[in-house]
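Q: only geometry, no sequence info:
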């Protein structure tokens, strides 16, 4: 009897459970049919966007001059303060001038001796020439006198050149600044022996205003820009196209804008890049040679750019980006995208979206392609911001 009652209770419980399950399924189906998911969308519009690229670079002085001696000697004085600004022609070092002054005096004495002999030898040659007409002297005597005159004239020219050489060498004992700029530390001290054309510079002068920034750009990027300009995607005829912005190592923006000077014509075989040079004013000396910086260059203006919020873009397991849109019939469609670059909290789209597409910003998790949805405008000030691409699996397409 107990076994029979227990069996009856099990059968009754099974029947009741089945009825509850059937009732729940009926309510879920009814709810799916009556409740339409709500999604927030943004309508894509073409807009004008300035396309920039940020590249690493290094600063360099606009003028660099290495100070080297042009004569041999002992440094008597250093006449500048290390790290100060110097002017072109300012005396920097004094080499002992005594041997060069003596050489100049010797050359002047030789010149004076030759000039003193010139008058007597010229008069003798003229007298012998007159006597030669009357056959009073031999031709040999006149030829010797004429040769002596030419020899004396040549000696005068030699000593004149020697005097000029000695004067130049004496001048070179005062080593002057070849350019205006800031001079660095001195590599020699008072009493040091220096030699003409020595490999080690005495000091280096650099002009720091303006300052150059050299930026390498890959040839692949150059080819991409040329293709975009050829296809009409970019316009490089803007008024401020050559303006360059600089970001310092600390992350702060340099307050003065620079100007793009030129693009090198030779590709570095080790890096596959060419050098772009920009010039920046540096009146306060903030920029120093050798600093690592980042230059923001303007590639051009995209007149028909489409920007989509990053939070609307996800990726499939293969890493391909896609987004969901709502078509004219109010149904969800999946669109595969080609991304150009990030611009703030948005993606610049190369292909996949057109003007007028309604992209789902919020509610993507609640829908799948082919589902009917209720559309509401996305409120940009709702406090929700994009977090960039997400590696998620795309919702499966709804089967018919």
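A: Nice, I can see it. Predicted model, so just to flag it, every value in this text is computed and none were measured. Residues are numbered from 1 along each chain as shown.

Q: would you list the phi and psi of residue 168?
A: phi -60, psi -40 (degrees, to the nearest 10).

Q: what's around it, how many residues?
A: By other C-beta atoms under 10 Å, 13 other residues sit near residue 168. Glycine gets a C-beta too; all of them are placed from N, C-alpha and C.

Q: so residue 244 sits right up against residue 261, yeah?
A: No: assessed by C-beta atoms under 8 Å, residue 244 is found out of contact with residue 261, at 9.5 Å.

Q: mutual contacts of these two, please.
A: Both residue 244 and residue 261 are contacted by residue 278, under the criterion C-beta atoms under 8 Å, 6 or more residues apart in numbering.

Q: look at those two and report which has more neighbours.
A: For residue 244 and residue 261, the more surrounded residue by other C-beta under 10 Å is residue 244, and the numbers stand at 24 against 16.

Q: could you list the domains of this structure?
A: Per the record, the chain has its domains at 51-61+209-301, 64-204, 306-391, by automatic domain parsing.

Q: of all these, which lies closest to residue 38?
A: domain 306-391 (4.5 Å; C-beta to C-beta).

Q: what's the offset of the closest one from the middle of its chain?
A: Centroid separation between domain 306-391 and its chain, computed with C-alpha atoms, centre = their mean, to the nearest Å, is 35 Å.

Q: quick one: mean pLDDT over it.
A: Averaging pLDDT along domain 306-391 gives 82.

Q: quick one on the thing from earlier: can you tell which of the domains of the chain is closest to residue 41?
A: Nearest of the domains of the chain (C-beta to C-beta): domain 306-391, 4.3 Å.

Q: look up the pLDDT of the residue nearest to residue 68 when sequence neighbours are not counted for me, please.
A: Excluding the flanking residues, the one nearest residue 68 by C-beta to C-beta, 6 or more residues apart in numbering is residue 201, at 5.5 Å. Looking at residue 201, its pLDDT reads 94.

Q: what sits against residue 201?
A: Residue 201 touches 66-68, 187, counting by C-beta under 8 Å, 6+ apart.

Q: residue 193 contacts residue 76, doesn't it?
A: No: between residue 193 and residue 76 there is no contact under C-beta under 8 Å: 11.6 Å.

Q: how close does residue 172 get to residue 69?
A: Distance, residue 172 to residue 69, by C-beta to C-beta, to the nearest Å: 7 Å.

Q: common neighbours of the two, please.
A: Common contact partners of residue 172 and residue 69 (C-beta under 8 Å, 6+ apart): residue 95.

Q: so residue 193 and residue 76 - more neighbours on which side?
A: More crowded of residue 193 and residue 76, by other C-beta under 10 Å: residue 76, with 15 against 12.

Q: measure that one to residue 168 for me?
A: In this view, residue 76 and residue 168 are 19 Å apart by C-beta to C-beta.

Q: got a list of what residue 353 touches?
A: Counted by C-beta under 8 Å, 6+ apart, residue 353 has contacts 44, 306, 308, 323, 325, 335, 337, 359.

Q: do residue 332 as well
A: Applying C-beta under 8 Å, 6+ apart to residue 332 gives the contacts 39, 324-326, 360, 367-373.

Q: give me that answer again for 6 Å
A: 324, 367, 369, 371, 373 (C-beta atoms under 6 Å, 6 or more residues apart in numbering).

Q: mind checking the SS state of residue 107?
A: State at residue 107, reduced to three classes by DSSP: H, G, I helix; E, B strand; the rest coil: helix.

Q: ignore the last one, residue 270
A: Applying three-state DSSP: residue 270 is coil.

Q: neighbours of it, how many?
A: 6.

Q: cool, and the one 4 residues further on?
A: By other C-beta under 10 Å, 18 other residues sit near residue 274.

Q: wait, is it part of a helix?
A: No: assessed with three-state DSSP, residue 274 is strand; it does not lie in a helix.

Q: what about the helices in the stretch 51-200 of the chain?
A: Using DSSP state H, counting those that start in this stretch, the helices assigned to the stretch 51-200 of the chain run over residues 98-133, 139-172.
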